[in-house]
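Student: here is a sequence with its predicted model. Questions after.
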Amino acid sequence: MKDHDEATTSSSVAYMMRWVEVPMMRSPVAVLALVMVICGGPSWAEQRFVEHVIIPAERGGEFVLGHYGTAMGPHWTPIEAQVRALEAGLPAYLARAAPAASRLRQGLAGYRAQYIGIVRDGRQVVFANWFCDALGTDWRQRPVIVDDGGDCFFQVEYDPSGGTYVHLMINGNG
């Protein structure tokens, strides 16, 4: 009886493996993921979204003030899907817009971000404050504002309705 159970289990596992393997290999996403792993594509860590905080509308002014010298109201609260879209397209934008910024060309691993919804020229845009060092600031509760610091600190605006980036500001070296 034991041999029968092992044979049944073994054939069930083999059947399940066939059932799982065929649909996965026909999926373009699965094939692309397999090719990326084999060819040394981006690692899982590079594909994750960065650690970030979305600032609620009522606190937006205090986070924008130090960067623009004005609160730039009114404010709104971005949603996670808008932030993920911003993060997904940002590396390609930075490669075009900031080719000389060596740290940014290496990827965004190790950066954190604060996202604030602002209205610019009647359009809702996401103001993104990126930094590789919070300098001891409780960055989830307080704005990270640094003079100089090089490409460890940059800001950009993202228009979620058009998927476009504008007003890239990379801190200077001081």
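Tutor: Noted; the coordinates are in hand. Predicted model, so just to flag it, every value in this text is computed and none were measured. Numbers count the residues shown, from 1 in each chain.
Student: moving C-terminal of the helix or strand bottoming out on mean pLDDT in the chain, what's the next helix or strand?
Tutor: When the helices and strands of the chain are compared on mean pLDDT, DSSP states H and E, helix 44-47 comes out lowest with a mean of 37. With elements assigned by DSSP states H and E, the helix or strand that comes after helix 44-47 is strand 51-54.
Student: for the next helix or strand after that following strand, what is the average pLDDT?
Tutor: Heading C-terminal from strand 51-54, the first helix or strand you meet, by DSSP H and E, is helix 60-68. For helix 60-68, mean pLDDT is 90.
Student: hmm, who's touching helix 60-68?
Tutor: 55, 70-73, 75-76, 114, 116-118, 127, 129, 143, 145, 155, 169 (C-beta atoms under 8 Å, 6 or more residues apart in numbering). All C-beta spots, glycine's among them, are computed from the backbone N, C-alpha and C.
Student: repeat the analysis, applying 10 Å as the threshold.
Tutor: The contact list for helix 60-68 (C-beta atoms under 10 Å, 6 or more residues apart in numbering) reads 53, 55, 70-78, 114-119, 127, 129, 142-147, 155, 167, 169.
Student: report the buried members of those.
Tutor: Neighbour counting by 16 or more other C-beta atoms under 10 Å classes 53, 55, 72, 75-76, 78, 114-118, 127, 129, 143-144, 146, 155 among the contacts of helix 60-68 as buried.
Student: from Leu94, how far off is Gln124?
Tutor: Distance, Gln124 to Leu94, by C-beta to C-beta, to the nearest Å: 22 Å.
Student: any chance you could map the strands in this protein?
Tutor: With DSSP state E as the criterion, the chain has strands at 51-54, 75-76, 112-120, 123-131, 153-159, 164-170.
Student: where in this structure is pLDDT low?
Tutor: 1-49, 102 (pLDDT under 70).
Student: let's see 50
Tutor: The model of the chain has pLDDT under 50 over residues 2-47.
Student: give me the domain ranges for it.
Tutor: Annotated domains of the chain cover 2-38, 49-170 [automatic domain parsing].
Student: winner for burial among those domains?
Tutor: domain 49-170 (a mean of 16; mean count of other C-beta atoms under 10 Å).
Student: what's the spacing between it and its chain's center?
Tutor: 10 Å (C-alpha atoms, centre = their mean, to the nearest Å).
Student: and Ile55, what is it in contact with?
Tutor: With contacts defined as C-beta under 10 Å, 6+ apart, Ile55 is in contact with 61-64, 75, 77-78, 114-117, 127, 129, 140-141, 143.
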